[in-house]
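Participant: I need the structure of the sequence given here:
(one chain, ligands or ions: 1)
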Amino acid sequence: MMLLSTRGLSKHFDGLQAVQDVDFDLPIGQVRALIGPNGAGKTTLVGMICGRIEPSEGRVFFDEVDITALPAHKRIMLGMAYTFQITSVFSRLPAAENVALAARRRLHGDKVDTAVKEALDQVGLLERMDQEAGDLSYGHQRLLEIAMGLVQKPRLLILDEPTQGLADSEITDFKNLIRELAGDTTILLIEHNMNVVMETADQVTVLNFGEVLAEGTPDEIHANAAVQAAYLGTG
Ligand SMILES: Nc1ncnc2c1ncn2[C@@H]1O[C@H](COP(=O)(O)OP(=O)(O)OP(=O)(O)O)[C@@H](O)[C@H]1O
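Facilitator: As a prediction, this is how the structure comes out:
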């Protein structure tokens, strides 16, 4: 069964076609990477899926229900969680309090505390739970953002360039985390690091000039001539 689908999803900004007629299907439990050259439309597509950007045309379905008209906060209530390129932590609050704020979007009472600790443990930050978020390294702040997504026990976790700016050892931790989550959580991952894509994704969707250029396993995508051309700028 598909957890998320889009049909004919498009977005134009004035004259620019940022996303064009995208039919996208993400089955329950899959880790899907969304890749493509700069400006291909990845963030815009995900913005329409989350409800942050209004589509020009097309529909979005979650659990086979049409959610195109639902505002972002209602999509969160349905089980969508996302982290974005721009750091969204409150730097003067402790790590645990940041996660608790995210948890309270869906949970109440004692459940918040348990869920906060569990999410911090999953990303390896439990020992730093009382540290001010702003004092954490950049990599740890990115992991904290993921904990803020995970604590909501999302059915769909959307990560926008989670490994950008991470050190090699932190990228290794991130890959392990995704492997642990795989199967339980459906994940949509915008990712530029091909090594991360190859090692974590079940399937890859390639966007180019706002359109789906190719879809397949990481190996298929790696060997795809059209994808190589798009990345070399000759496609
Ligand atoms: N609010 C906006 N107004 C006008 N144009 C926009 C807006 N947001 C995005 N665009 C344009 O839409 C196109 C797709 O942008 P988008 O950010 O979705 O691409 P991307 O694949 O996420 O790129 P990157 O990998 O660089 O983050 C780009 O040409 C971008 O300049």
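Participant: Return the residues in contact with Gln17.
Facilitator: Ser10, Lys11, Phe209, Gly210 (Cβ atoms under 8 Å, 6 or more residues apart in numbering). Quick note: C-beta positions are derived from backbone N, CA and C, even for glycine.
Participant: and it, what element?
Facilitator: Using DSSP states H and E, Gln17 sits in strand 16-27.
Participant: Same question for Ala96.
Facilitator: Per DSSP H and E: helix 95-103 holds Ala96.
Participant: and the next element down the chain from the helix or strand that contains Lys74?
Facilitator: Lys74 is part of helix 72-78 when elements are defined by DSSP H and E. Reading on from helix 72-78 to the C-terminus, the next helix or strand found by DSSP H and E is strand 80-83.
Participant: Show me what the helix holding Ala96 packs onto, helices and strands only.
Facilitator: helix 110-122, helix 138-150 (3 or more Cβ pairs under 8 Å, 6 or more residues apart in numbering; DSSP states H and E).
Participant: For the last one, buried residues please.
Facilitator: What it means is helix 138-150. For helix 138-150, burial by neighbour count (16 or more other Cβ atoms under 10 Å) applies to Gly139, His140, Gln141, Arg142, Leu143, Leu144, Glu145, Ile146, Ala147, Met148, Gly149, Leu150.
Participant: Could you do stretch 216-233 as well?
Facilitator: In stretch 216-233, counting by 16+ other Cβ under 10 Å, buried: Pro218, Ile221, Asn224, Val227, Ala230.
Participant: follow-up on the earlier one: and the strand holding Gln17, what's its mean pLDDT?
Facilitator: Average pLDDT, strand 16-27: 97.
Participant: hang on, Glu64 packs against Met1?
Facilitator: Yes. Between Glu64 and Met1 there is a contact at 7.4 Å, judged by Cβ atoms under 8 Å.
Participant: Neighbour count for the two, which is higher?
Facilitator: Legend: neighbour count by other Cβ atoms under 10 Å for Glu64 and Met1, higher for Glu64 (10 against 7).
Participant: which non-adjacent residue is nearest the more buried one?
Facilitator: Met2 (6.7 Å; Cβ to Cβ, 6 or more residues apart in numbering).
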